[in-house]
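Novice: Sequence first, then the predicted structure, then my questions.
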Amino acid sequence: MFWKGLEEDRVRCELCAHHCTIQEGARGICNVRENRKGVLCSLVYGKAASLVPDPIEKKPLYHFHPGTYALSFGTMGCNFRCSFCQNASLSCGSPTSAYLKEYTVKDIVREALKYDGIAWTYNEPTVSYEFSYHVFREYKKKGNGYTTYVTNGYMESEPLIKLVPYLDAMNIDIKAFTDKFYREVVGGKLQPVLDTATRAVNLGIHVEVTYLIIPGHNDEPKELSEFSNWVKENLGEDTAVHFSRFHPDHRMRNVPHTPPEKMEEARKIATEHGLNYVYLGNLPADNNTYCPGCGTTIFTRSYFSSEKPKLKDGKCEKCGRRIPVIYRNTHRIV
């Protein structure tokens, strides 16, 4: 899906913002979409490297059906080349890896129906777009479970719009707030990611964002301020923001862990810029959800689980302020 044939059996992929022009027999940047005699083919359709149930909080999605489980699907490939990748065995993995197991759409749907929803995660979901589209479409015919993407946001508008009827939520990684970082460290551009996030919100998809704080690379107060201000102005002050702690990995093993003080500083900056729900990941922290109006604890969280919320008709029980949490009554106990 989403490609165009060119002269001399070349093709141009139009799935993501790279718009790779691919010679016959070659692959795009993602390494899992190949030109075979002038036809662009997916090399990971129906192939999973990981298929396990996860708490939805692990995605992380804190304001979307908290306390539920999603069948989590991951395969090989990515359209970024992040030096700090913390899941490189999949993002840089081969589509011919022996670790991949083959499934049909019906296989995945049958398994997903055992849980509350399904998440395309672990590697970049965009590169296995076709399989996710077919799975989500079939899954929605079978029940009222939810669907989610955990993504870098480097998707073109047409594929996202086509997915809208079957996609309920996205956690979008905004990996820094400078184009220089994206060019040099990620292998992409910042603006297409921001465009995807705003487009998803405008299309009615539930969006939360994650920002991995890497010491010396994207942690300056000015950059964190600009990021926070952008989220408030473009996604809304009630958007859940997850600052995640960096640990040395992949080609950034010489960079230290993010100091806990820097994590707290990031939260303070975001809060001062008017964001109401800011959380810290990959370290022990207070990640409860509080009412911005009166300070009442709405959710108490422990690791990747949460207690039943203190809400009445979607509002704080004490002051009546609406709390932007999509919630169903199925719930596990902490």
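Specialist: Yes, it's here.
Novice: what does stretch 224-240 contact?
Specialist: Residues outside stretch 224-240 that contact it (C-beta atoms under 8 Å, 6 or more residues apart in numbering) are 61-63, 174, 177, 194, 197-198, 201, 207-209, 211, 241, 265-266, 269-270, 273-277, 279, 292, 324. In this view, the C-beta of every residue, glycine as well, is placed from N, C-alpha and C.
Novice: For that stretch, list every residue counted as buried.
Specialist: Residues 224-225, 227-232, 235, 239-240 are the ones in stretch 224-240 that count as buried (16 or more other C-beta atoms under 10 Å).
Novice: What average pLDDT does stretch 303-317 get?
Specialist: In this model, stretch 303-317 has a mean pLDDT of 84.
Novice: With stretch 259-274 instead?
Specialist: Confidence for stretch 259-274, expressed as mean pLDDT, is 98.
Novice: With just CA atoms, put it into CSV.
Specialist: Below are the C-alpha coordinates for stretch 259-274, written out as CSV (Å, rounded to 0.1, in the frame of the first residue of the first chain):
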residue,chain,number,x,y,z
PRO,A,259,20.1,12.0,36.5
PRO,A,260,16.9,11.8,38.4
GLU,A,261,17.2,15.5,39.1
LYS,A,262,17.1,16.2,35.4
MET,A,263,13.9,14.2,35.1
GLU,A,264,12.3,16.2,37.9
GLU,A,265,13.5,19.4,36.3
ALA,A,266,11.9,18.4,33.0
ARG,A,267,8.6,17.8,34.8
LYS,A,268,8.8,21.1,36.6
ILE,A,269,9.5,23.0,33.3
ALA,A,270,6.5,21.2,31.6
THR,A,271,4.2,22.0,34.5
GLU,A,272,5.3,25.6,34.6
HIS,A,273,4.4,25.8,30.9
GLY,A,274,0.9,24.8,31.7
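Novice: check contacts around Phe64.
Specialist: Taking C-beta under 8 Å, 6+ apart as the definition of contact, the neighbours of Phe64 are 56, 146, 148, 168-169, 206, 208, 325-326.
Novice: re earlier: for the buried residues of stretch 224-240, work out which two are farthest apart.
Specialist: Farthest-apart pair in those is Ser225 and Ala240; separation 18.6 Å (C-beta to C-beta).
Novice: Show me which of the buried residues of stretch 224-240 is closest to Phe304.
Specialist: For Phe304, the closest of the buried residues of stretch 224-240 turns out to be Ala240, at 14.8 Å, with distances computed as C-beta to C-beta.
Novice: Can you spell out which residues form a bridge with that closest one?
Specialist: With DSSP bridges as the criterion, Ala240 is bridged to Tyr277.
Novice: How much space separates the nearest residue to Arg301 once chain neighbours are set aside from Phe304?
Specialist: Among residues not flanking Arg301 along the chain, Asn287 sits closest, at 4.8 Å (C-beta to C-beta, 6 or more residues apart in numbering). When C-beta to C-beta, to the nearest Å is the yardstick, Asn287 and Phe304 sit 10 Å from each other.
Novice: Cheers, nothing more for now.
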